[in-house]
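Trainee: Pasted the sequence and its predicted model underneath.
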Amino acid sequence: MEEVKETGGITGSTLKIIAIVTMFIDHVGAALFEHYQYNFLEPMGAEFCKEAITSKIPWLWADWMGDPAAVQNIDLILRAIGRIAFPIFCFLLVEGFLHTRNVKKYLIRLFIFALVSDVPFDLAFFGEIGLNHQNVFFTLLLGVLALACIDYVKKKDYQTFTGAYTFIGKAGIVVAAVLGALASITSMVSIIGYILYAVFGINEYIPNLIIGVVVGVVVYYIVSSKYDEEKKTRLGVYLFITLFFFVLAEVMSTDYAGWGVLAIIAIYAFKNARNNGFVWGVAALSIMSFGEAVAFLDLIPVHYYNGKRGLKMKYFFYAFYPVHLFLLFLVRYYILGF
């Protein structure tokens with residue numbers, strides 16, 4: 001990693017505070033405003049909402065709370081601000097992985113808080129406890145597992161690459177094609193696919209799949225064109241690890257799912273050019289949803305990151321995440337009753 005200045009800049013704790021504040025704003029929108037709009041205001045009407053809310057808190061009602069469009073606009077602003085949070089957490093996660101003395105303890109800590117946070121996560125965002133969605137700690141956990149596997153292969157003696165390693169390495173082009181196809185199919189902006197669907201009635205996933213495969217193969221060849229056999233094999237294994245944890249996160253339905261894991265891997269892969277890695281990480285999230293592109297604003301504080309830890313708040317985020325989600329649920333339950 002490139003050397004950083006000894007003085008000035010933004011510390012890791014400052015970045016974490018920025019992420020925590022914007023995450024809280026995002027969750028206010030998701031847990032309160034969206035639930036209010038879709039489960040209360042639209043189906044029941046403004047008069048019913050006014051009576052229900054003022055019966056609990058007489059001074060809370062305002063005219064805009066009876067206007068679905070106004071509520072939605074406020075929610076969109078809150079959620080847009082919230083896009084800033086996750087990429088910073090991914091960046092700090094990679095920093096933590098690079099500097100931790102014990103990856104196993106790091107993983108155990110993430111796993112414990114993933115379990116602790118799951119009930120508050122379900123209650124805050126879905127109003128019921130279930131296994132259909134997993135909180136962001138599971139995404140971070142899978143991201144660190146992926147980095148640990150990549151780091152293991154990176155340090156492994158190439159002479160010991162036999163059997164599965166060799167096969168996976170040779171299959172790198174196939175894995176690259178699959179990743180490219182996933183990116184293209186998932187993307188919310190697919191102009192060619194939309195045109196073919198509108199003009200010829202061809203299912204847009206078909207051209208998207210073709211485009212994705214072509215892009216994946218081309219990128220693989222460009223990246224590996226100057227690589228020797230060893231580097232190509234390692235690249236193939238890295239791609240396989242990426243695809244494996246991407247799919248695992250998708251199957252588990254973690255927050256940000258496979259694209260969150262991909263963002264973490266991208267930031268790590270370009271860690272020697274910190275801003276470039278962050279750009280690719282946000283780009284991965286923007287493929288998942290174009291609204292995530294707001295996070296490119298994070299390039300400003302990340303650029304001034306000085307590599308120092310700053311305030312000792314190691315467990316603050318770990319505790320803040322489940323606690324604030326549960327409190328948001330309690331506030332909503334008290335005011336709205338669900």
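Mentor: Done, it's in.
Trainee: how about Asp334, what does it touch?
Mentor: Actually, residue 334 is Tyr. It isn't Asp. Applying C-beta atoms under 8 Å, 6 or more residues apart in numbering to Tyr334 gives the contacts Lys56. For the C-beta atoms, the positions are set from N, CA and C on the backbone; glycine is no exception.
Trainee: Tyr221 too?
Mentor: Ile173.
Trainee: Now do Glu229 against Tyr238, distance only.
Mentor: Look at Glu229 and Tyr238: by C-beta to C-beta, to the nearest Å, they are 15 Å apart.
Trainee: and the residue nearest to Leu76 when sequence neighbours are not counted, how many neighbours?
Mentor: Spatial nearest neighbour of Leu76, excluding adjacent residues (C-beta to C-beta, 6 or more residues apart in numbering): Gly29 at 8.0 Å. Counted with other C-beta atoms under 10 Å, residues neighbouring Gly29 total 19.
Trainee: And the helices in the stretch 101-250 of the chain?
Mentor: 103-126, 136-155, 164-170, 172-186, 191-200, 205-224, 229-252 (DSSP state H, counting those that start in this stretch).
Trainee: Looking at those helices, which is nearest to Tyr321?
Mentor: Tyr321 sits nearest to helix 103-126 of all the helices of the stretch 101-250 of the chain, at 5.5 Å, using C-beta to C-beta.
Trainee: The closest one: how far from the chain's middle?
Mentor: In terms of C-alpha atoms, centre = their mean, to the nearest Å, the centre of helix 103-126 is set 15 Å apart from its chain centre.
Trainee: Just name whatever secondary elements that helix is in contact with.
Mentor: In terms of contacts (3 or more C-beta pairs under 8 Å, 6 or more residues apart in numbering; DSSP states H and E), helix 103-126 is packed against helix 85-99, helix 136-155, helix 316-336.
Trainee: For the ones you listed, please prepare CSV with the additional fields distance to Ile168 and mean pLDDT.
Mentor: Formatted as CSV, the helices and strands packed on helix 103-126 follow (distance: least, C-beta to C-beta, whole Å; pLDDT from 0 to 100):
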stretch, distance to Ile168, mean pLDDT
helix 85-99, 23, 92
helix 136-155, 10, 94
helix 316-336, 34, 92
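Trainee: will you turn the helices of the stretch 101-250 of the chain into TSV that also has distance to Ala69?
Mentor: Listed next are these as TSV, based on distance: least, C-beta to C-beta, whole Å:
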stretch	distance to Ala69
helix 103-126	23
helix 136-155	30
helix 164-170	52
helix 172-186	29
helix 191-200	27
helix 205-224	33
helix 229-252	33
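Trainee: closest to Phe329 out of those helices?
Mentor: Closest among these, once you apply C-beta to C-beta, is helix 103-126, at 4.2 Å.
Trainee: buried ones in that closest one?
Mentor: 103, 106-107, 109-111, 113-114, 116-118, 120-125 (16 or more other C-beta atoms under 10 Å).
Trainee: Assess the claim that Gly66 and Ala46 are in contact.
Mentor: Yes. At 3.1 Å, Gly66 and Ala46 qualify as touching, with contact defined as C-beta atoms under 8 Å.
Trainee: So for stretch 34-45, what gets flagged as buried?
Mentor: Neighbour counts using 16+ other C-beta under 10 Å place 34-37, 40-41 of stretch 34-45 among the buried residues.
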